[in-house]
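1. Predicted model and sequence follow; I will ask about them next.
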Amino acid sequence: MKQKRILLSHANIIDENGEIFKEKDIVIEKGKIQSVGDACDHAETAEFDEIIDCSEYYVTPGLVNLHCHCAMNMFKGIAEDVDADSWFNKNIFPYESKLTEDDVYVGTKLGIAEMLNAGVTAFADHYFAEKAVLNAVLDTGIRADIAPTLFGMAPDFKERLEAVSAFCEENRNVSERVAVRMGPHAPYTCPPDSLREIVKRAKDMDLNLHMHISETREQVAASRELYGKTPFEMTYESGAFDRQMIVAHGLWIEEEDFKYINEKTWFGVCPKTYEKLAMGTGLVFEYRDRLNYSFGTDGAASSNTLNTCEQARYFALLGKFEAWDPCVFETKEVWKSLMRGHQAFSFHTGKIEAGYGADLVIWDLKKSNTWPVYHPITSILYSSEPSNVAFTMVDGVFLKKNGQLVMDERALLEEGARTQKSILSRGKGEAKVFY
């Protein structure tokens, strides 16, 4: 995808802290923000390949998705109104056991299309068939931090660990838009010996980690019964927190667990899933000021969408509701948390400053669902829809333009329909692991 020299003229900027700067010109070249300054008349317009008048728009850093299973877009709506046991063991795991590389490729592209449409410019993926995930990322232009899933209790664990290690080594420098890390699934699917082996391999290869920890109250209780320790302590004893870690959920973190985590530990919080599967609010909401956290979406099979702005909205509303206090979870606090996810990645994005990667969203708030605008962050967080995203830019390239995805969405939807038919015709298989 060709990187152009682009001018976003007379832009209204909302930065990562929620501060607003009006009438600014943003110059983009070679995938980076070259300069940000007061708007002026650029007499030499020929020096730009493209000029976008942003005087009626708001420009923000792109959104990021700190935890998802992108390919599970193929399972959107397949397991509804069931408890966690049925969701995992009777539906998702059996269907996943028969997924092909092609299924994962198409599902990942569908998820990427949805994210780009909603202004998400980078995502942290945790899934298998990682080569298909990588190809979808490279083909679409988005950024991704890819953690191939490892189940320590699977019968082919040793072979899988070697395959994942080879994938990470081969692709760690494949693109500036791609990062790789190890993805042990969870302490409850990776027994202590296998988890230690994964962590050692990550350390030997200088890789970071992404795993599920303390998702549910039942997991914490089971860990205490089996090992006499919380999942966070089990993870700590494996050495995992020596590396930078994305914790998927961590919803039921406890006070004692704070001695195990550190400044390199990031939480991908997915409140829509917690509501959907009736998982409770745990203690993440209460402890949020002590955590490095931002928002993920989990897979669309549980959250139904991959829109992190929506997740931030659910987080704030649920937090206010549970606290019986409309004054907490203030708008700027939630916005900062949404933007903070960039810091968990190695892409040097998340600020509209010279030298940062040009991953940007241009918002059109002059629509019936967001108009009139008194406070633009409030409009984005509480009123916006993907239709308010006029442009999505990744690495200096527009992947959504004038309200339309650049990719051939119609062809992708047709491909998705064929894949859905194939998945249903194959039916459920036998899961290798159990929740």
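-> Structure's in. What do you need?
2. So what's the gap between the helix or strand bottoming out on mean pLDDT in the chain and the chain middle?
-> Per-element confidence for the chain was summarised using mean pLDDT, DSSP states H and E. The lowest value among helices and strands belongs to helix 84-85, with a mean of 80. Chain-centre distance of helix 84-85: 23 Å, with C-alpha atoms, centre = their mean, to the nearest Å.
3. ok, and for stretch 207-220, which residues are buried?
-> By neighbour count, with 16 or more other C-beta atoms under 10 Å as the criterion, the buried positions of stretch 207-220 are 207, 208, 209, 210, 211, 212, 213, 214, 215, 216, 219, 220. Placement of C-beta: from N, CA and C, glycine included.
4. just stretch 31-39 next, same as before
-> Neighbour-count burial for stretch 31-39 flags 31, 32, 33, 34, 36, 39 (criterion: 16+ other C-beta under 10 Å).
5. Could you do stretch 21-34 as well?
-> With burial defined by 16+ other C-beta under 10 Å, the residues of stretch 21-34 counted as buried are 24, 25, 26, 27, 28, 29, 31, 32, 33, 34.
6. of all the residues you listed, which two lie farthest apart?
-> 24 and 31 (19.6 Å; C-beta to C-beta).
7. helix/strand/coil for the residue positioned nearest the centre of the chain?
-> By C-alpha atoms, centre = their mean, the chain has its centre lying nearest to residue 65, at 1.8 Å. Secondary structure, DSSP: H, G, I helix; E, B strand; the rest coil: residue 65 is strand.
8. for it, which residues make a bridge with it?
-> residue 123 (DSSP bridges).
9. Please report the distance of it from residue 341.
-> In this structure, residue 65 lies at 8 Å from residue 341, with C-beta to C-beta, to the nearest Å as the measure.
10. about what we covered before: and the buried residues of stretch 207-220 as CSV, adding secondary structure, pLDDT and distance to residue 152?
-> Formatted as CSV, the buried residues of stretch 207-220 follow (DSSP: H, G, I helix; E, B strand; the rest coil; pLDDT from 0 to 100; distance: C-beta to C-beta, whole Å):
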residue, secondary structure, pLDDT, distance to residue 152
207, coil, 98, 17
208, coil, 98, 18
209, strand, 98, 13
210, strand, 98, 15
211, strand, 98, 11
212, strand, 98, 12
213, strand, 98, 14
214, coil, 98, 17
215, coil, 95, 16
216, coil, 94, 19
219, helix, 94, 15
220, helix, 96, 19
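11. Which one of these is nearest to residue 140?
-> Comparing the buried residues of stretch 207-220 against residue 140 with C-beta to C-beta places residue 210 closest, at 20.6 Å.
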